[in-house]
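Peer 1: Have a look; sequence and predicted model below, questions after that.
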Amino acid sequence: MVRRSVEEERARIVVIDSLNGYFQAMPDEKFLVLQINELLSYLGQEGVITLVLLAQHGLLQGIGSEVDVSYMSDAIMLLRYFEIAGEVRKAITVVKTRISDHERTIRELHLGRDGLRIGDVLREFQGLLTGTLAYHGNLGSLLSAEPPPRD
């Protein structure tokens, strides 16, 4: 189906949501990692942008996964939840890119009706990626719940 979509229908983007579900759908398959690696190689050779989503085990645990996809990824973006002042917020960072250097900061991410907003660097936080969060700042540096006024 994927090859037909790429070769006949000229699909340019493929999303695998999620890699966890892909592996759970075929638990007895012995060569699943090899198959996904071959699929990603094929898609890359065809110039197809491929997004592979991998859910963490447990909503608020530290980083970890049963599947290591870093060696077959050109870029890895990490989305994390964090809690501050009684609210659950989201953070985003790029932890790997194969083709270029990247910003190595962690920023707040807001997805809502108003679209996507990226906040300032979360400099007052320590332990965002490990899940052992400590905050040393004021709340004014965080994104407000309301979108900024449009010009």
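Peer 2: Sure thing, it's come through.
Peer 1: ok, Leu129 - contacts?
Peer 2: Each residue near Leu129 by C-beta atoms under 8 Å, 6 or more residues apart in numbering is listed here: 63, 78, 80, 93, 106. Quick note: C-beta positions are derived from backbone N, CA and C, even for glycine.
Peer 1: In strands only, show me the residues you listed.
Peer 2: Among the contacts of Leu129, DSSP state E puts 78, 80, 93 in strands.
Peer 1: Between which two of the contacts of Leu129 is the distance greatest?
Peer 2: Spatially, the most separated pair among the contacts of Leu129 is Ile63 and Ile106, at 12.6 Å (C-beta to C-beta).
Peer 1: The two - which one has more neighbours?
Peer 2: Neighbour count, other C-beta atoms under 10 Å: between Ile63 and Ile106, Ile106 has more, with 20 against 11.
Peer 1: Just the pLDDT for the more buried one.
Peer 2: pLDDT recorded at Ile106 is 91.
Peer 1: now Asn138
Peer 2: 71.
Peer 1: What separation do you get for it and Asn37?
Peer 2: Per C-beta to C-beta, to the nearest Å, Asn138 is found 46 Å from Asn37.
Peer 1: how many other residues sit next to the closest residue to Asp74 other than its chain neighbours?
Peer 2: Closest residue to Asp74 apart from its sequence neighbours, by C-beta to C-beta, 6 or more residues apart in numbering: Arg98 at 4.5 Å. Using other C-beta under 10 Å, Arg98 has 9 other residues around it.
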